[in-house]
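[1] make a model of this:
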Amino acid sequence: MKISFVKQKKDKDMYKIPKGLGMDIFEIDNPNQIDSKIEELKQQNYTTICIPNYLASFSENIVKKYQKDTNFKIIITPQKIIK
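    Numbers count the residues shown, from 1 in each chain. Next comes the predicted model:
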């Protein structure tokens, strides 16, 4: 099982603990890039992707495409306020 985390670049405080544990943290510049980043990570055989709910709101595919995929999970984490 490969787990990754996706966050926006300007969010400096998100996922500090997973980063400290050496987990894969990927950054995107623009929230509209979330669908392409999820697809890219899926192609790299990541099976679980954690994203904050403010980024999940920019994705059209989370419900349409991945909801029924039993081999691929997207975990939506609580909101983080970006300053």
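[2] could you name the helices and strands sitting against the worst-scoring helix or strand of the chain on mean pLDDT?
    Counting by mean pLDDT, DSSP states H and E, the chain has its least confident helix or strand at helix 61-64, which shows a mean of 83. Of the remaining helices and strands, those touching helix 61-64 by 3 or more CB pairs under 8 Å, 6 or more residues apart in numbering; DSSP states H and E are helix 34-43. For glycine as for every other residue, the C-beta is placed from the backbone atoms N, C-alpha and C.
[3] packing partners of the helix it packs on?
    Partner elements for helix 34-43 (3+ CB pairs under 8 Å, 6+ apart): strand 3-8, strand 24-28, strand 48-52, helix 61-64.
[4] just send those back as TSV, with mean neighbour count and distance to D35 too.
    Conversion of the helices and strands packed on helix 34-43 to TSV gives the following (neighbours: other CB atoms under 10 Å; distance: least, CB to CB, whole Å):
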stretch	mean neighbour count	distance to D35
strand 3-8	21	11
strand 24-28	16	10
strand 48-52	21	11
helix 61-64	14	5
